[in-house]
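Engineer: Pasted the sequence and its predicted model underneath.
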Amino acid sequence: MVALVARALSVSQALVLATAGCAGPSDRERYQSVLSGSPVAAGAAFESCAAIRAGELRGDCQLAVVQRLQEEDLSGWCVGFEPGRWQDECWFLEAERRGAEGQVAPAARACERAGSFRSDCAQHLWQGAVHSMIFRRGPGAFAEMLPEASSLQRRWAGPLAWDDGFEDRFWSRFYQNGFEGAGPRVMLGACDALSPPHAGRCVAAGLELFSRELGPGLERGRLDPCGPEPLELVDVLRFVPADADPRLQGVLDAAREACSG
């Protein structure tokens, strides 16, 4: 009886070993094999990725294959992804490629398909041009660069009509890039030379930037906006780079109001 039990156990162990031997490569092994393989056989590599059971690893593998395709049209590849993050990233890559080639409408259409990355993708298409246009020139060049900036904004407005926040985001980045190029330094006086609606857009962008820089500046200066006495703007400006302007006071007031919220 003992011999029969021992024999049965040995057969069972052999079956387990045989089954394990037929199981094929693990997800991690398949992933590493694809990434270390030749980039020429992209189709086979993409299909090999599709056999990976773990969804995140499968999508990451497929995107790695697509990223090696350089100048190739990625549209046909993106539809091969399962809907979700990795497919969205594929469309983001395709939008970047089209945008770099000056293909405005196709780039915008690719961004529209980028799911959760749609807005970021859209901004990525034009923000480099905005930065190059105004960053080095600074706030003193706002009026001078407005015609060129307006031309760029109109160029993307139609193709990005689906992006509800495009216009506000475009002008906010234009003015903030100018202020950032000055140090950064918020110089609201530079906005006063502009006509509506640009004067208001410029001020709004400057106040938003000042608000963003306020927290780190107060921390550097060890100033407490929630202290017993309201902060004086003159003291704050020692640590937050901006030209003195009464319009900045509203940002300090909002910070203090948040203390009681």
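Structural biologist: Arrived safely. Numbers count the residues shown, from 1 in each chain.

Engineer: any idea which helix is longest in this structure?
Structural biologist: helix 198-221 (DSSP state H).

Engineer: so what does it touch, helix or strand wise?
Structural biologist: If contacts are counted by 3 or more CB pairs under 8 Å, 6 or more residues apart in numbering; DSSP states H and E, helix 198-221 sits against helix 142-157, helix 166-181, helix 233-236, helix 249-259. Every C-beta, even on glycine, is put in place using the N, C-alpha and C of the backbone.

Engineer: Show me the one of the ones you listed that comes nearest R53.
Structural biologist: helix 166-181 (39.9 Å; CB to CB).

Engineer: now the closest one against helix 142-157, angle please.
Structural biologist: 140 degrees (axes from the mean of the first three to the mean of the last three CA atoms, to 10 degrees).

Engineer: residues of helix 166-181 that come out buried?
Structural biologist: Residues of helix 166-181 classed as buried by neighbour count (16 or more other CB atoms under 10 Å): 166, 169-181.

Engineer: Now do stretch 187-197: everything it contacts.
Structural biologist: Outside stretch 187-197, the residues that touch it by CB atoms under 8 Å, 6 or more residues apart in numbering are 139-140, 142-143, 146, 175, 178-179, 198-199, 202-203, 206-207, 242-243, 245, 247-248.

Engineer: quick revisit: let's have the buried residues of helix 166-181 in a markdown table, adding distance to Q62 and pLDDT.
Structural biologist: Shown next, in a markdown table, are the buried residues of helix 166-181 (distance: CB to CB, whole Å; pLDDT from 0 to 100):
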| residue | distance to Q62 | pLDDT |
| --- | --- | --- |
| F166 | 30 | 98 |
| R169 | 31 | 98 |
| F170 | 33 | 98 |
| W171 | 37 | 98 |
| S172 | 35 | 98 |
| R173 | 32 | 98 |
| F174 | 37 | 98 |
| Y175 | 40 | 98 |
| Q176 | 36 | 98 |
| N177 | 35 | 98 |
| G178 | 41 | 98 |
| F179 | 41 | 98 |
| E180 | 37 | 97 |
| G181 | 40 | 96 |
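
Engineer: what's the closest of these to L223?
Structural biologist: Closest to L223, out of all of the buried residues of helix 166-181 and judged by CB to CB, is F179, at 21.6 Å.

Engineer: ok, that closest one - contacts?
Structural biologist: G138, P139, R185, V186, M187, A205, G206, L209.

Engineer: low pLDDT regions in this protein?
Structural biologist: For the chain, applying pLDDT under 70 flags the ranges 1-23, 38-40, 261.

Engineer: can you tell me which residues contact the residue nearest the centre of it?
Structural biologist: The chain has D120 as the residue nearest its centroid, 4.8 Å off, counting by CA atoms, centre = their mean. When contacts are counted by CB under 8 Å, 6+ apart, D120 touches F92.

Engineer: distance of it from W77?
Structural biologist: 20 Å (CB to CB, to the nearest Å).

Engineer: same deal with R136?
Structural biologist: On the measure of CB to CB, R136 and W77 end up 38 Å apart.

Engineer: quick one, helices of the stretch 51-200 of the chain?
Structural biologist: 55-67, 75-78, 85-100, 104-112, 118-134, 142-157, 166-181, 198-221 (DSSP state H, counting those that start in this stretch).

Engineer: picking that back up, could I get the helices and strands packed on helix 198-221 in JSON lines, plus columns for distance to V34?
Structural biologist: Below are those laid out as JSON lines (distance: least, CB to CB, whole Å):
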{"stretch": "helix 142-157", "distance to V34": "36"}
{"stretch": "helix 166-181", "distance to V34": "38"}
{"stretch": "helix 233-236", "distance to V34": "55"}
{"stretch": "helix 249-259", "distance to V34": "50"}
